[in-house]
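A.B. asks: Task: produce atomic coordinates for the following.
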Amino acid sequence: MTVLNILDYSPIDEGETAASALRSTVELAQLADRLGYKRYWVAEHHQVFSVAGSSPEMLMMHLATLTERLRIGSGGVMLPHYSAYKVAENFRLLEALHPNRIDLGVGRSPSFRLVNQALNESKGKRVPYAQQLIDLEKYFTDDVDSEHRFQKLKATPISETAPELWLLGTGEGSAKLAAERGMAYAYAHFARPEAAGIDVVKRYRKAFIPSGLREKPHVAIAVFAIVGETEERAEQLAKAFDLWLLFVESDFQPPYYPSVETAEKRRLSAAEQERVERNRSRMLVGTPEQVKRQIEAVAEQFTADEITLIPNIAGHQARIETLRLLADVFNMQ
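C.D. replies: Numbering: from 1, shown residues only. Coordinates of the predicted model:
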């Protein structure tokens, strides 16, 4: 059976607010908990005004308290901006409160120049990303035999379990790091859907070195999923998402996700239409049965252990319907 997860950006719908977007995330997580999804991750975005998810660990605390079974995680914490020690303690605290339910997904998105400056202006120097991953492994496994520069330092609170550590990425570099550190790997198909990604995952599996974190390689593939009860409805939702992608990939940061009605009225230039057609390769679009087949095909091609769905769909009710439709077609309940 295909294991399904959710990654939620906390989109702000047209006519809604950031506060209502966060309430919608809570409602969606509670639904995913009831329907049988395995993980529910939330994102870290800065200077992206159409999403409310800027601090995953804060939102995770709230979600973990209001759900019962789901693994709650970050997709992900942009590690180069922060101290690995502080990140480890934040997540060990979450894990102590919610044992065996916390995932730490880390990445290194470059973000915007001003965001980088604001998050890093007090730092004298940057710790290399590869070293930060070693640091997290040390803080999560309490490896006393290592020659770590902070060998005597422990991340607290100390509990019987530790968060599950994932590395997020799109290419050879991240896959190599994940394999070398014995970490689970989350591949962003939604950012790089090309067939080259299949080889990236293969090389990760082949190069994997067992660690104190994990004995075997483990892969999740993250995909944009646009689902409608009919092909016509799915296409309407996809067009609204097309428009949002056009906006965020340009110099214009919209304050909300365009509605289906707004997208229907928008006339695209030839260049925009070409961009939309390229972006469609990043999405799985269709009826529940059609998207189920697409998910299964991606899982087979990438030898995925899990599939993480990103339901970036205009309208909270449409996102609720997506989770329900896919849970039904996959017989999750």
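
A.B. asks: In a strand, residue 224, correct?
C.D. replies: Yes. Judged by DSSP: H, G, I helix; E, B strand; the rest coil, residue 224 forms part of a strand.

A.B. asks: Distance check, residue 309 against residue 294.
C.D. replies: Going from residue 309 to residue 294 by CB to CB, to the nearest Å gives 11 Å. Quick note: C-beta positions are derived from backbone N, CA and C, even for glycine.

A.B. asks: and what of residue 49?
C.D. replies: On the measure of CB to CB, residue 49 and residue 294 end up 31 Å apart.

A.B. asks: More neighbours: which of these two?
C.D. replies: A direct count of neighbours by other CB atoms under 10 Å for residue 49 and residue 294 places residue 294 higher, at 16 against 13.

A.B. asks: and that one, what helix or strand is that in?
C.D. replies: Residue 294 is part of helix 288-301, with elements assigned from DSSP states H and E.

A.B. asks: so what strands line up beside the next helix or strand after that helix?
C.D. replies: Counting by DSSP H and E, the element after helix 288-301 in chain order, helix or strand, is strand 306-310. Note on strand 306-310: by DSSP bridges, its sheet partners are strand 3-8 (parallel), strand 219-227 (parallel).

A.B. asks: Output those in TSV, with mean pLDDT appended to each entry.
C.D. replies: Below are the strands paired with strand 306-310 laid out as TSV (pLDDT from 0 to 100):
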stretch	mean pLDDT
strand 3-8	98
strand 219-227	98
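
A.B. asks: can you redo those as TSV with distance to residue 45 and mean neighbour count?
C.D. replies: Output for the strands paired with strand 306-310, formatted as TSV (distance: least, CB to CB, whole Å; neighbours: other CB atoms under 10 Å):
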stretch	distance to residue 45	mean neighbour count
strand 3-8	11	24
strand 219-227	15	25
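
A.B. asks: so which of those strands comes closest to residue 64?
C.D. replies: Of all these, strand 3-8 sits nearest to residue 64, with 13.8 Å by CB to CB.

A.B. asks: Tell me the first helix or strand C-terminal of that closest one.
C.D. replies: helix 18-35.

A.B. asks: Put the alpha carbons of that next one into CSV.
C.D. replies: Only the C-alpha atoms of helix 18-35 are listed here, as CSV (Å, rounded to 0.1, in the frame of the first residue of the first chain):
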residue,chain,number,x,y,z
ALA,A,18,-3.1,34.7,7.5
ALA,A,19,-5.0,33.9,10.7
SER,A,20,-7.7,32.1,8.9
ALA,A,21,-5.1,30.2,6.8
LEU,A,22,-3.5,28.9,10.0
ARG,A,23,-6.9,27.8,11.3
SER,A,24,-7.4,26.0,8.1
THR,A,25,-4.1,24.2,8.5
VAL,A,26,-5.2,23.0,11.9
GLU,A,27,-8.5,21.7,10.5
LEU,A,28,-6.8,20.0,7.6
ALA,A,29,-4.3,18.3,9.9
GLN,A,30,-7.1,17.0,12.1
LEU,A,31,-8.8,15.6,9.0
ALA,A,32,-5.6,14.0,7.8
ASP,A,33,-5.2,12.5,11.3
ARG,A,34,-8.7,10.9,11.1
LEU,A,35,-8.3,9.7,7.5
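
A.B. asks: which residues sit against the next helix or strand after that helix?
C.D. replies: Where DSSP H and E defines the elements, the next helix or strand beyond helix 18-35 is strand 39-42. The contact list for strand 39-42 (CB atoms under 8 Å, 6 or more residues apart in numbering) reads 5-10, 25, 29, 32-33, 53, 56, 59-60, 63, 67, 70-76, 103, 105, 306, 308.

A.B. asks: now with 6 Å?
C.D. replies: 5-8, 29, 32, 53, 56, 59, 70-73, 75 (CB atoms under 6 Å, 6 or more residues apart in numbering).

A.B. asks: hmm, back to that, output the strands paired with strand 306-310 as CSV; include the columns distance to residue 266.
C.D. replies: Shown next, in CSV, are those (distance: least, CB to CB, whole Å):
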stretch, distance to residue 266
strand 3-8, 25
strand 219-227, 17
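
A.B. asks: and residue 173, which of those strands is closest to it?
C.D. replies: Checking the strands paired with strand 306-310 against residue 173 by CB to CB gives strand 219-227 as the closest, at 16.2 Å.

A.B. asks: Report the angle between the closest one and helix 288-301.
C.D. replies: 160 degrees (axes from the mean of the first three to the mean of the last three CA atoms, to 10 degrees).
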